[in-house]
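[1] Below are the sequence and a predicted model for it; my questions follow.
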Amino acid sequence: MVSKGGTVRDVTIGDCAELQHAIGEHQTNGYHGKHLFYALLAGLGVFGPDAPARLKAVMLPGQLTPADLVDRQGITCTAIRDLLVDYLAERAVDVDYTTLEDMARTLAGLFWRDLEKHHPGIDSLRLDADIVTAWRERVRMVRDRHGTPIRPRVNAHTVFSWVRTFYQDLTRWAADEPMRWGPWVAPCPVRDSDTDHRKNRARRKAAMDQRTRTLLPALPALVKAVERQLKDAQTCLATGREIPAGAPFTTPAGENLLRCAGASSRVYADDPATGRRRDLTVEEERAFWAWAIVEVLRHTGVRIEEALELTHHSFVAYQLPTTGEIVPMLQVAPSKLDQERLLLVSPELGEVLTAIIHRVRRRQQATPGLRLRQFGTALECTDAVSLSAPLRPRRPGDPAQLHLHLPQRRPRRQRADRARR
């Protein structure tokens, strides 16, 4: 209204989209993407009854055609541009839109548009050896808008694979439609060794190992942090349950809280310093599951997927043939490597699993599911609202066993048959 004049009733959807684009260009504090102003105006009926409920529906361009995907790269050679459009139109039947967009960005942008920038006037897919060598070197580096190398390209082998597939498809299609594809058949500029993923996998494995070695010294600090967080949360919850409503108390962290009144199974407390109401029951619950998942992963070394698929049936009792002693074992379901494993349950791991079982049995209702997200080294624990949570008690009618599960994987043969179908 300040920029264009008028009243609130004169604001249009286009004005909202223009404002959102301006916010995205000039602000980087996380506000971009929040469309509360549009929701308020739409709720007042400013845009009419047929207006979209969300501004994102107006701003999203939707799926582009192969011609639009190619034209975004600004190719100057019309013949090559038409060839790429026809090629992508043929491949669009076999691949999803994300793959098609990646193909268009690679072939039209990283391949041909890059050749046009360094060799103006080029109009043939038959490339000289020096041109191919220079292009391969450029592709292996990520560059800024000025062409300055920034860092090595991680997926350079994927770029080479798309270009090699493009040349091979033209050669194969020319046998069926020589008039359409025959004039574009040319020797492939990408060698078979350029598309080999073994070097990339080796580099990725080396980077993962180095990251593990870098973060390993921080593991004791993480363990102490989750233990301290759990102890403080349990102390705070126990204090809140013992004192009467309206009474003040101090948390182990030195915060002054006021016990809230009300008949509820949860314990609430107000923070006078911030004016925020805290749910001490949820804080203790999240602190426990954060501690539990850290301890399980630390003592077993399993992957997150394997930890979430642990069930009550994963506990196996093995009797030593010599002494007859019963040894507890943990059976890990096949995951990434499709191999089943048996792990010895140490006393420390046994204490953690015992604590988890006691908590699940004590609650007799849906328990918080463990959902891990990696923000650096942070772990986030969120609540589940259904009995399909990774850790849950048994349902009525189930055997008298505690289910620590999670959906079972299909046997390998069943998964293969399903994939073939």
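    Yep, it's here.
[2] So what's the residue count around Glu306?
    Glu306 has 18 neighbours, counted by other CB atoms under 10 Å. Every C-beta, even on glycine, is put in place using the N, C-alpha and C of the backbone.
[3] so it is in which element?
    helix 304-308 (DSSP states H and E).
[4] now do Phe249
    Taking DSSP H and E as the definition, one finds Phe249 inside strand 248-250.
[5] and if you look at Leu215?
    Under the criterion of DSSP H and E, Leu215 resides in helix 198-215.
[6] Only the buried residues of that helix, if you could.
    By 16 or more other CB atoms under 10 Å, helix 198-215 has no buried positions at all.
[7] next one: that helix to chain centre, how far?
    19 Å (CA atoms, centre = their mean, to the nearest Å).
[8] cool, and stretch 170-185?
    Put simply, stretch 170-185 sits 41 Å off its chain's centre (CA atoms, centre = their mean).
[9] tell me which residues of it are tucked away?
    Using 16+ other CB under 10 Å as the test for burial, stretch 170-185 gives 170, 173-174, 181, 184-185.
[10] Contacts for it next, please.
    Here stretch 170-185 makes contact (CB atoms under 8 Å, 6 or more residues apart in numbering) with 83, 86-87, 90, 125, 186.
[11] Now do the helix ranked longest in the chain: which elements does it pack against?
    Counting residues, the longest helix found in the chain (DSSP state H) is helix 219-242. Judged by 3 or more CB pairs under 8 Å, 6 or more residues apart in numbering; DSSP states H and E, the packing partners of helix 219-242 are strand 256-259, helix 280-300.
[12] change it to 6 Å
    The contact analysis (3 or more CB pairs under 6 Å, 6 or more residues apart in numbering; DSSP states H and E) places helix 219-242 against helix 280-300.
[13] What lies in contact with the helix it packs on?
    226, 229-230, 233-234, 236-237, 240, 266-267, 269, 307, 343, 348-349, 352, 356, 368, 370, 379, 381 (CB atoms under 6 Å, 6 or more residues apart in numbering).
[14] Return the distance of stretch 278-285 from the chain's centre.
    How far stretch 278-285 lies from its chain's middle: 27 Å, per CA atoms, centre = their mean.
[15] With only the CA atoms kept, save that stretch in PDB.
    Output of stretch 278-285 as PDB, limited to C-alpha atoms (Å, rounded to 0.1, in the frame of the first residue of the first chain):
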ATOM      1  CA  ARG A 278       7.000 -25.400  30.100                       C
ATOM      2  CA  ASP A 279       5.800 -29.000  30.000                       C
ATOM      3  CA  LEU A 280       8.200 -30.700  32.400                       C
ATOM      4  CA  THR A 281       6.700 -34.100  31.500                       C
ATOM      5  CA  VAL A 282       7.500 -33.800  27.800                       C
ATOM      6  CA  GLU A 283      11.000 -32.400  28.600                       C
ATOM      7  CA  GLU A 284      11.800 -35.400  30.700                       C
ATOM      8  CA  GLU A 285      10.300 -37.800  28.100                       C
END
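[16] ok, Arg341 touching Gln331?
    No. The pair Arg341 and Gln331 fails to qualify as a contact (CB atoms under 6 Å) at a distance of 7.6 Å.
[17] for the stretch 301-421 of the chain, what are the low-confidence residue spans?
    Counting by pLDDT under 70, the stretch 301-421 of the chain shows low-confidence ranges at 363-421.
[18] since we're on Asp169, how many residues are nearby?
    Counted with other CB under 10 Å, Asp169 comes out at 14.
[19] State the distance from it to Asp50.
    Going from Asp169 to Asp50 by CB to CB, to the nearest Å gives 44 Å.
[20] for Lys4, same thing?
    Counting by CB to CB, the gap from Lys4 to Asp50 is 23 Å.
[21] For this structure, just list every one of the strands.
    Using DSSP state E, the strands of the chain run over 141-143, 149-152, 248-250, 256-259, 268-271, 276-279, 315-319, 326-332, 341-344.
[22] Take those and write them to CSV, including mean neighbour count.
    Converted to CSV, the strands of the chain look like this (neighbours: other CB atoms under 10 Å):
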stretch, mean neighbour count
strand 141-143, 14
strand 149-152, 10
strand 248-250, 13
strand 256-259, 18
strand 268-271, 18
strand 276-279, 14
strand 315-319, 12
strand 326-332, 16
strand 341-344, 14
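[23] circling back to that earlier point, which of the contacts of stretch 170-185 lies closest to Val163?
    Closest approach to Val163 among those (CB to CB): Leu125, at 10.1 Å.
[24] Next, count neighbours for the closest one.
    20.
[25] Apart from its chain neighbours, what residue comes closest to it?
    Closest residue to Leu125 apart from its sequence neighbours, by CB to CB, 6 or more residues apart in numbering: Ala186 at 4.2 Å.
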